[in-house]
Structure formats: structure tokens, C-alpha cells
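K.L.:
the following block contains a protein sequence and its predicted model.
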Amino acid sequence: MTDQRRCPDCGVDMERMDVQTTDGFKLHLVTNEPKRGLLGGIGMKETLAPSVYVCPECGLVRLYADRDEAD
Ligand SMILES: [Zn+2]
């Protein structure tokens with residue numbers, strides 16, 4: 001899978017950016033899938049750190065959930 005994303009409207013490469021709250025915390029997506037192992041057994045859900053891509057032409061912002069398998 002390539003790291004490059006294209007704007008569906010402009011067809012140009014989108015720039016990857018980091019997203020943070022004003023408190024400096026990273027945004028996390030919580031999935032409906034239970035965490036693997038012990039934490040899943042107590043109801044913890046898998047979390048994902050989204051990748052943010054911004055179109056330099058029209059300013060469209062897209063979030064991609066990168067499912068890297070880092071435990
Ligand atoms: Zn665009």
C-alpha cells in the first residue's frame with residue numbers, strides 16, 4: 001500500500017499532517033473490535049491513530065485509520 005493519497009476532487013497529492021487537540025493529545029479512533037489478548041477480555045476496544053491528509057488545493061481534510069499491527 002502506498003503512503004500517497006490523492007484528493008478525489010482535485011486529483012493532486014495530499015499532504016500528510018499531524019492532528020492534535022489543543023491540549024496536545026493525539027486523536028484516537030476507537031474501533032468496535034476488542035483488543036487482542038487480556039485487555040480485550042475486559043472490554044477494552046482497539047484504538048487507532050488516524051493519519052490526516054490535507055489537500056493543498058481545496059483544503060479537503062481526510063482521516064485514514066492506519067491499521068498498523070503494533071502491539
Ligand atoms: Zn482538493
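P.N.:
Nice, I can see it.
K.L.:
quick check: residue 40 is in a strand.
P.N.:
No. If the criterion is DSSP: H, G, I helix; E, B strand; the rest coil, then residue 40 is helix and not within a strand.
K.L.:
thought it was touching residue 32?
P.N.:
No. Between residue 40 and residue 32 there is no contact, the gap being 11.7 Å when judged by C-beta atoms under 8 Å. C-beta: built from backbone N, CA, C; applies to glycine.
K.L.:
the more surrounded of those two?
P.N.:
More crowded of residue 40 and residue 32, by other C-beta atoms under 10 Å: residue 40, with 13 against 6.
K.L.:
give me the distance between that one and residue 48.
P.N.:
15 Å (C-beta to C-beta, to the nearest Å).
K.L.:
contacting residues around the nearest residue to residue 44 once chain neighbours are set aside?
P.N.:
Counting by C-beta to C-beta, 6 or more residues apart in numbering, residue 44 lies nearest to residue 35, which is 4.5 Å off, once chain neighbours are set aside. If you count contacts by C-beta atoms under 8 Å, 6 or more residues apart in numbering, residue 35 has them with 44-46.
K.L.:
so how many other residues sit close to residue 4?
P.N.:
9.
K.L.:
SS state for it?
P.N.:
coil.
K.L.:
not counting sequence-adjacent ones, nearest residue to it?
P.N.:
In space, residue 4 is closest to residue 13, 5.8 Å off (C-beta to C-beta, 6+ apart).
K.L.:
looking at it, residue 54 is touching residue 13, isn't it?
P.N.:
No. Residue 54 lies out of contact with residue 13 (C-beta under 8 Å); the separation is 10.7 Å.
K.L.:
who has more neighbours, those two?
P.N.:
More crowded of residue 54 and residue 13, by other C-beta under 10 Å: residue 54, with 17 against 14.
K.L.:
and the pLDDT at that one?
P.N.:
Residue 54 carries a pLDDT value of 95.
K.L.:
thank you, goodbye.
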